[in-house]
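Participant: Generate coordinates for the sequence data below:
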Amino acid sequence: MVTMQDVADAAGVSKATVSYVVSGSPLISEKTASRVRAEMEKLGYSINHAARVLSTSKTGAIGVLSSAEQNASFSLSLSAYLYGIARAAGDMGYDTMLLAGADGASALKSAALTKRIDGAIILDVRNGDSRIRAAVQSGLPTVLLGDPEDSMGLDSVDADFEEISSTLVNYLYRYGHRDLIFIGWPKMTYERRLNYAIRFRSAMVERAQALGMKIHCIYPENSMADLLRRLKRAVEEYGDATAILIHNDAAVIEVSQAFLSLNIKIPEDFSVVAVIPDKVGVGMQIPFTAMNLDINAIVKRTVGTLVHRIESPDGPARRVLVGQHLLLADSVKRISR
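Facilitator: Numbering: from 1, shown residues only. Model (predicted):
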């Protein structure tokens, strides 16, 4: 039977390096990881997950906590994140367990106390999130899929929403736009202090102010009727606006119909840019220039960071912000000045 040491010898690396590659650790460069994986395939090496669990007294499972107060507008993204985590964890030899319940902090503490999981991933992270303190108190290896104001020493991984926001504002500025309408999440999202929404909006406002741009914010609730009503009012009230920036999954799907209903032509009447999770953008064929959230890349880094923390619990906390890419479409018109 081919062993991990056989793979290490063939690839010219240490056994520890092979172990890191198997667990998906971000510490190993992609070049080295590719070489190791190639040798694994060539030698026919397979990971005996059951044996690993028995030999290490681990459960072989990680818990995933999502907010019990999740609003419907984020459901498409949430399902993509949950599926991606399950798949990435499976590739690294772990099962996933969804920790449900109205009190996420209690669910996490219970799972840690009964030793049902080896670690946890917390989604929908809020600033001041009680689940963060619960994870720290339990001593359970935990990674935040989000970047709160205070991670309390836990590892965190997320898309770089500050860079995403600034990139979109800069892009519109280069095309001559100085007056924007921002379609954000429902107000409850910001009131609950969900960090991805707050970080994006704060960076957007800061960058726009630095460039001397105006931004008018609207926050539609989760219905086409409310989006249509608020957008119609904004277009009438902010007559100098020439562009629309969208950070709201439901709105980015529904807004094309709203434009049609209001007889707004893109990009003739308004230029449009957006943030679009890749699974939503491809499946729905969203026609806007957008920062495309690579969910697979984000969840792979998240799960890899957690697996590394489980196997190597000591060491400083990591903060990983995953850069994203701007995908161009015919939704932005240059304004002459």
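Participant: Any regions of the stretch 51-200 of the chain where pLDDT drops low?
Facilitator: 51-57, 68-76, 101-102 (pLDDT under 70).
Participant: As a check, name the ranges of all strands in it.
Facilitator: 61-65, 95-98, 119-122, 142-145, 155-159, 179-183 (DSSP state E, counting those that start in this stretch).
Participant: okay if I get the ones you listed as CSV plus mean neighbour count and distance to Ala89?
Facilitator: Every C-beta, even on glycine, is put in place using the N, C-alpha and C of the backbone. Below are those laid out as CSV (neighbours: other Cβ atoms under 10 Å; distance: least, Cβ to Cβ, whole Å):
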stretch, mean neighbour count, distance to Ala89
strand 61-65, 23, 6
strand 95-98, 16, 5
strand 119-122, 27, 9
strand 142-145, 28, 12
strand 155-159, 23, 14
strand 179-183, 22, 34
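Participant: Columns distance to Met204 on top of these, output as JSON lines?
Facilitator: What follows is the strands of the stretch 51-200 of the chain, written out as JSON lines (distance: least, Cβ to Cβ, whole Å):
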{"stretch": "strand 61-65", "distance to Met204": "28"}
{"stretch": "strand 95-98", "distance to Met204": "32"}
{"stretch": "strand 119-122", "distance to Met204": "25"}
{"stretch": "strand 142-145", "distance to Met204": "21"}
{"stretch": "strand 155-159", "distance to Met204": "14"}
{"stretch": "strand 179-183", "distance to Met204": "7"}
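Participant: closest to Thr32 out of these?
Facilitator: Of all the strands of the stretch 51-200 of the chain, strand 155-159 sits nearest to Thr32, with 20.9 Å by Cβ to Cβ.
Participant: contacts for that closest one?
Facilitator: 125, 142-148, 195-196, 293, 298, 301-302, 305-306, 309, 317-322, 324 (Cβ atoms under 8 Å, 6 or more residues apart in numbering).
Participant: Emit the ChimeraX select command for whichever of these are buried.
Facilitator: Of the contacts of strand 155-159, the buried ones can be selected in ChimeraX as follows, counting by 16 or more other Cβ atoms under 10 Å:
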select :125,142,143,144,145,146,147,148,195,196,293,298,301,302,305,306,309,318,320,321,322,324
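Participant: Put the alpha carbons of the helix or strand harbouring Asn292 into PDB.
Facilitator: Using DSSP states H and E, Asn292 falls within strand 289-293. Coordinates of each C-alpha in strand 289-293 appear next as PDB, following Å, rounded to 0.1, in the frame of the first residue of the first chain:
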ATOM      1  CA  THR A 289     -20.200  44.900 -15.100                       C
ATOM      2  CA  ALA A 290     -19.500  43.400 -11.800                       C
ATOM      3  CA  MET A 291     -17.100  42.300  -9.100                       C
ATOM      4  CA  ASN A 292     -17.700  38.600  -9.300                       C
ATOM      5  CA  LEU A 293     -17.500  36.800  -5.900                       C
END
